[in-house]
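Q: model this:
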Amino acid sequence: QVQLVESGGGLVQTGGSLRLSCAASGRTFSSYGVDWFRQAPGKEREFVAAVSGSGGSTYYAESVKGRFTISRDNAKNTVYLQMNSLKPEDTAVYFCAAKFGSWSTAHSVMDYWGKGTLVTVSS
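A: Numbering: from 1, shown residues only. Now for the predicted structure:
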C-alpha cells in the first residue's frame, strides 16, 4: 500500500515557477514508477511526466518538455515536479500517481493516486 500526498500548488503569474512535491508512504517506494498527471476544468486527465523507480529514466509530454523537470529522492520518499516558464494553459489540478515496477502514460493503469494540488497560472 502506498499513500501519496501532493503539495506546492498555488497561484503564479505567466512565466513564473513552482515546484510540486509528492510525498509517499511505504518502504518500497523505489519499486514504483511515479507519474504526474493534470486535469484542467472540463478536460480529461492528461499525462505530464514520469520517472522510473531509480530516478534514472524520465519521460515528458511534448507540451511540457524543456519547461518541467521531474525528479525523485528515494531517501525522502518524495517525487518533485519543477515547473518553469509557466503558461495559463498549465492551469490544472496536478496529481501524482504510482505504478509498481514501471511507469505509464495511461492514467487507467496507475496503482495509487494522490488527491491533487491546484496550480493556477494567471495571464
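Q: In this structure Arg38 contacts Cys96, no?
A: No - applying C-beta atoms under 8 Å, one finds Arg38 not in contact with Cys96, separated by 10.4 Å. Every C-beta, even on glycine, is put in place using the N, C-alpha and C of the backbone.
Q: higher neighbour count, those two?
A: Cys96 (30 against 22; other C-beta atoms under 10 Å).
Q: where's the nearest residue in space to the more buried one that is not next to it in sequence, which helix or strand?
A: Of all residues beyond its chain neighbours, the one nearest Cys96 is Cys22 (3.4 Å), with distances taken as C-beta to C-beta, 6 or more residues apart in numbering. Element membership for Cys22 (DSSP states H and E) is strand 18-24.
Q: cool, and Ala98?
A: strand 92-100.
Q: what comes up buried for that strand?
A: For strand 92-100, the neighbour count (16 or more other C-beta atoms under 10 Å) marks Ala92, Val93, Tyr94, Phe95, Cys96, Ala97, Ala98, Lys99 as buried.
Q: Identify the residues contacting it?
A: 2, 4, 6, 9, 20, 22, 24, 29, 31-40, 43, 45, 48, 79, 81, 107, 109-119 (C-beta atoms under 8 Å, 6 or more residues apart in numbering).
Q: Who does the helix or strand following that strand pair with, and is each partner parallel or antiparallel?
A: Proceeding N to C from strand 92-100, the next assigned helix or strand is strand 112-113, under DSSP H and E. If you go by DSSP bridges, strand 112-113 pairs up with strand 92-100 (antiparallel).
Q: returning to what we had before: which of the contacts of strand 92-100 are buried, as a PyMOL select command?
A: Entered in PyMOL, the line below selects the buried ones among the contacts of strand 92-100, by 16+ other C-beta under 10 Å:
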select buried, resi 2+4+6+9+20+22+24+29+31+32+33+34+35+36+37+38+45+48+79+81+107+110+112+113+114+116+117+119
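Q: Show only the entries of the contacts of strand 92-100 found in strands.
A: 4, 6, 20, 22, 24, 32-39, 48, 79, 81, 112-113, 117-119 (DSSP state E).
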